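Student: Sequence and predicted structure below; questions after.
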Amino acid sequence: MRALVFDGKALDYRDDHPDPQPPAGEAVVRPLVAGICATDLEICRGYMGFSGVLGHEFVGVVESVADTRDEAAAELVGQRVVGTINCVCGVCDMCTRGLREHCRSRTVLGIDGRDGCFADRFTLPVENLIPVPDAVDNDHAVFTEPLAAACQILRQLRIEGTPYVTVLGDGRLGLLVAQVMARLNASVRVIGKHPHKLELCTKWSIKHRRLDQVMSRNDQDIVIDCTGSSEGLKIAMDMVRPRGRIVLKTTVADPAGIDLAPLVVNEVEVIGSRCGPFGEALALLAGGEVDVLSLITRRTRIDKSVQAMHNAARSDDIKTLIEFD
């Protein structure tokens, strides 16, 4: 089986990786298209101390299920699916309180304790799999996971009046977040470093500026850090108003030391934000309410995935897709 494996030190493409064997309650999924995420790049820099098959953004086909006597599970075989990435125990205090994404003993697809989707086959619990509507093609469906992460912000924020919202970062996630936030009654702008990426905002009628053209005036109601950089929080702190809110979507392997005193002095609320609602994301994709095709920079095949990872780290890249068929 073909797979892209990170051993804790280096990336390696293998064509003899063992096929996965699904434990009880799980399914074998054959990916059709997978997306490279900033988290994949951070893992290669030491984030989470992960080793194994990378990848957590995918659309694929269910090949088999461990328990064929489970009729609901058996009906998934042959269906096109996406999948939530947190695999949970269902019985710990977090799970029973409705906080399954924070399960005490969870594994996370391609991130923590579980091989990911950059392989010809991988496994996920049946309960994690969501059928993809016929109206959503593969190029759209592969964006479900990051779009759901963008939608999660709306679940965590109470939007009042017409707030001033700044999205920091013009990469793959920042541009999705900007589109989601622009659907609200809010004044949204994107701040980034790359003119060719920011230009996409013109297409969507979203205000945008280069970082070096912006004065940090502590006047924004909400600042959302999607920079993927350890500098993002410091920039956000310079932009948010007193008693404003900062939403952190960035995970970095080695954050720089930051003076957090302004958060206390200015009584700023800081919100961590991670995974989100797949159903809402699929509905947006099915309705054509978010432009994801403009974010696709490159396509490659799994046997070229090592180079694809290097390309995805380039400043001109927005989204690199890995194709399997």
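Tutor: All right, it came through fine.
Student: Tell me where the stretch 1-150 of the chain has strands.
Tutor: Using DSSP state E, counting those that start in this stretch, the strands of the stretch 1-150 of the chain run over 3-6, 11-14, 26-35, 52-53, 57-65, 80-83, 86-87, 107-109, 113-114, 122-125, 129-131.
Student: Out of those strands, which gets nearest to Glu267?
Tutor: Closest of those to Glu267 is strand 86-87, at 32.0 Å (criterion: C-beta to C-beta). Any C-beta I mention is one placed from the backbone N, CA and C, and that applies to glycine too.
Student: Need the CA coordinates for the lengthiest helix in the chain. CSV is fine.
Tutor: Using DSSP state H, we find that the single longest helix of the chain is helix 144-156. Backbone C-alpha positions of helix 144-156 (Å, rounded to 0.1, in the frame of the first residue of the first chain) are rendered in CSV as follows:
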residue,chain,number,x,y,z
THR,A,144,-15.2,19.9,4.5
GLU,A,145,-12.9,19.6,7.5
PRO,A,146,-11.2,23.0,7.2
LEU,A,147,-14.5,24.7,6.3
ALA,A,148,-16.1,23.1,9.4
ALA,A,149,-13.2,24.5,11.5
ALA,A,150,-14.1,28.0,10.1
CYS,A,151,-17.8,27.5,11.0
GLN,A,152,-16.8,26.6,14.5
ILE,A,153,-16.0,30.2,15.2
LEU,A,154,-19.7,31.1,14.8
ARG,A,155,-20.6,28.6,17.4
GLN,A,156,-18.1,30.2,19.9
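Student: so what secondary structure elements neighbour the helix or strand following that helix?
Tutor: As assigned by DSSP states H and E, the chain's next helix or strand after helix 144-156 is strand 164-168. Here strand 164-168 touches helix 172-182, strand 187-192, strand 220-225, helix 232-239, going by 3 or more C-beta pairs under 8 Å, 6 or more residues apart in numbering; DSSP states H and E.
Student: Tell me which of those lies nearest to Val290.
Tutor: For those, proximity to Val290 was assessed by C-beta to C-beta; helix 172-182 is nearest, at 5.0 Å.
Student: Measure how the closest one sits relative to strand 220-225, angle-wise.
Tutor: Counting by axes from the mean of the first three to the mean of the last three C-alpha atoms, to 10 degrees, helix 172-182 lies at 150 degrees to strand 220-225.
Student: could I have helix 172-182 exported to PDB, CA atoms only?
Tutor: Extracted in PDB, the C-alpha atoms of helix 172-182 (Å, rounded to 0.1, in the frame of the first residue of the first chain):
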ATOM      1  CA  ARG A 172      -6.000  28.300   3.100                       C
ATOM      2  CA  LEU A 173      -7.800  28.600   6.500                       C
ATOM      3  CA  GLY A 174      -7.800  32.400   6.700                       C
ATOM      4  CA  LEU A 175      -9.500  32.700   3.300                       C
ATOM      5  CA  LEU A 176     -12.200  30.200   4.300                       C
ATOM      6  CA  VAL A 177     -12.700  31.900   7.700                       C
ATOM      7  CA  ALA A 178     -13.000  35.300   5.900                       C
ATOM      8  CA  GLN A 179     -15.800  33.900   3.600                       C
ATOM      9  CA  VAL A 180     -17.700  32.500   6.500                       C
ATOM     10  CA  MET A 181     -17.400  35.600   8.600                       C
ATOM     11  CA  ALA A 182     -18.400  37.800   5.600                       C
END
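Student: what pLDDT, on average, does that helix get?
Tutor: For helix 172-182, mean pLDDT is 96.
Student: Mind giving me the packing neighbours of it?
Tutor: helix 144-156, strand 164-168, strand 187-192, helix 195-203, strand 220-225.
Student: List the contacts of the fourth one.
Tutor: Applying C-beta atoms under 8 Å, 6 or more residues apart in numbering, the external contacts of helix 195-203 come out as 170-171, 175, 178, 190, 192, 207-210, 291, 294-295, 316, 318.
Student: Check what contacts the helix or strand bottoming out on mean pLDDT in the chain and list those residues.
Tutor: Scoring the helices and strands of the chain by mean pLDDT, DSSP states H and E places helix 71-74 at the bottom, with a mean of 82. Residues from elsewhere that reach helix 71-74, judged by C-beta under 8 Å, 6+ apart: 27, 65, 67-68, 126.
Student: which among these end up buried?
Tutor: 27, 65, 126 (16 or more other C-beta atoms under 10 Å).
Student: What is the nearest of these to Gly8?
Tutor: Distance ranking of those against Gly8, using C-beta to C-beta, places Ala27 first at 27.7 Å.
Student: for the closest one, what are its contacts?
Tutor: 62-66, 73, 76-77, 123-126, 129.
Student: Fine by me, thanks again.
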